[in-house]
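Student: Sequence and predicted model, in that order:
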Amino acid sequence: MSTDVDVAATAEREEKLVLGEYQFNSRLFVGTGKYADFETMNRALDVSGTEVVTVAIRRLDLSGDPEKNLLNHIDTSRYTILPNTAGCFSADDAIRVCRLSRELTDAPLVKLEVLGDKKTLLPDPVETLRATETLVKDGFTVLVYTSDDPIIAKRLEDAGATSVMPAGSPIGSGQGVLNPNNLRIILESLSVPVIVDAGVGTASDVTVAMELGAEGVLLNTGIASAKDPVRMARAMRLACVSGRDAYLSGRIPRRLYANASSPTEGTVGGMTNSQ
Amino acid sequence: MIHIEVNGDDMSFENEVSVAELLSRLSVQGGAIAVEVNRDIVSKKLYDTHRLLDGDRVEIVTFVGGG
């Protein structure tokens, strides 16, 4: 495990991810849905190295066991709670949920998602923009889920979003980053941190997003629904750090032809290309 | 007798109740919840004084696992 420690130490030497008044060392945001049980969830969160966990807001189960309350199982001194507006299909509903979220956390941080329909779970760009405008005016720190369309991404930044979070591919689909070119355009044209949210199926998907220059990745199903969520959480953490390091290192350009790694002079017997 | 809708279910009470009394009768701990009455949030410090009226619609929400 010493390699893990080295990797983590390297990551911590880097600049932090800054989102408004929040600062994080880890660039991996992890959801709390779909785990088999709280113990597995907590082990996965621990191993993932995340500092931000997403949660949803729902009616309290009045006949339920208080022991099943999520917040009784999450160390809020360790993890920043990022409430989402999942299940909202209009700006008004999402704004309502954000206000409830602020009452619950006493904090302005929200993950805004306003979806278009239940089958695709693709974001509704018009309602998303409208909700962003209202929430920003209302003092929220808005991390907004959107499609990978560069124009709407820019509009959300202009509306005052703290972070714009394009989907790599549809929520829970595990298809990875389907349109890296759109992500590159978004990354070039926005100044706020861009976090790739949704679609991650496996570790290399995280690395692809980070190598493109994303400031972070948010995922849930890729870990929670893996056969071994704890091991996958570790893979995702390492993938995130690897991708960030590769991005910051400045990769070599792609070339059509080979470029020898060993010296071309002084080969044994004086062999040359021309002979 | 007054009727209140709580999380979509009808409940009836002999007399008016405060939010705090409602939560107590439902055995709900005050910690990780937020309460709305007729779509307006009732802050925690008003639980004792906010009286629920006949026909009020109450939502009691909390966090659950999600992405």
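Tutor: All right, it came through fine.
Student: residue in chain B nearest to chain A?
Tutor: For chain B, the nearest residue to chain A under the criterion C-beta to the nearest C-beta is B:G66, separated by 2.7 Å. Placement of C-beta: from N, CA and C, glycine included.
Student: Now do that residue against A:A214, distance only.
Tutor: Distance, B:G66 to A:A214, by C-beta to C-beta, to the nearest Å: 22 Å.
Student: Let me see the contact set for B:N7.
Tutor: A:R59, A:L60, A:L62, B:V58, B:E59, B:I60 (C-beta atoms under 8 Å, 6 or more residues apart in numbering or on different chains).
Student: Can you tell me which of those comes closest to B:F13?
Tutor: Here the nearest of the contacts of B:N7 to B:F13, counting by C-beta to C-beta, is B:V58; it sits at 11.7 Å.
Student: so who does whichever residue of chain A sits closest to chain B touch?
Tutor: Per C-beta to the nearest C-beta, the residue of chain A with the smallest distance to chain B is A:A56, at 2.7 Å. Each residue near A:A56 by C-beta under 8 Å, 6+ apart is listed here: A:G33, A:P83, A:N84, A:A86, A:G87, B:F63, B:V64, B:G65, B:G66, B:G67.
Student: Let's see that with 7 Å instead.
Tutor: Contacts here follow C-beta atoms under 7 Å, 6 or more residues apart in numbering or on different chains; on that basis A:A56 touches A:G33, A:N84, A:A86, B:F63, B:V64, B:G65, B:G66.
Student: Pull the number of nearby residues for the first one.
Tutor: Taking other C-beta atoms under 10 Å in any protein chain shown as the criterion, the count of residues near A:G33 is 20.
Student: Is it correct that it is in contact with A:A224?
Tutor: Yes - counting by C-beta atoms under 7 Å, A:G33 does reach A:A224; the two are 6.3 Å apart.
Student: Can you tell me which of the contacts of B:N7 is nearest A:D158?
Tutor: The shortest distance between A:D158 and any of those, using C-beta to C-beta, involves B:E59 and amounts to 33.1 Å.
Student: doesn't that closest one fall inside a strand?
Tutor: Yes - under the criterion used here (DSSP: H, G, I helix; E, B strand; the rest coil), B:E59 sits inside a strand.
Student: is it true that it touches B:E36?
Tutor: Yes - B:E59 is in contact with B:E36 according to C-beta under 7 Å; the separation is 4.2 Å.
Student: Compare the two (neighbour count), which wins?
Tutor: Neighbours of B:E59 and B:E36, each counted by other C-beta under 10 Å, are more numerous for B:E59; the result is 20 against 17.
Student: and that one, what is it in contact with?
Tutor: By C-beta under 7 Å, 6+ apart, B:E59 lies in contact with A:R59, B:N7, B:E36.
Student: circling back: and B:G66 and A:A214? which has more neighbours close in?
Tutor: When B:G66 and A:A214 are compared on other C-beta under 10 Å, the one with more neighbours turns out to be A:A214, at 28 against 23.
Student: Surely that one touches A:V196?
Tutor: Yes - contact criterion C-beta under 7 Å: A:A214 and A:V196 qualify, at 4.7 Å.
Student: if we can go back for a sec, okay, the contacts of A:A56 in CSV with pLDDT, secondary structure and distance to A:V97 next?
Tutor: Output for the contacts of A:A56, formatted as CSV (pLDDT from 0 to 100; DSSP: H, G, I helix; E, B strand; the rest coil; distance: C-beta to C-beta, whole Å):
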residue, pLDDT, secondary structure, distance to A:V97
A:G33, 95, coil, 16
A:N84, 98, strand, 8
A:A86, 96, coil, 9
B:F63, 95, strand, 11
B:V64, 95, strand, 12
B:G65, 95, strand, 16
B:G66, 95, coil, 11
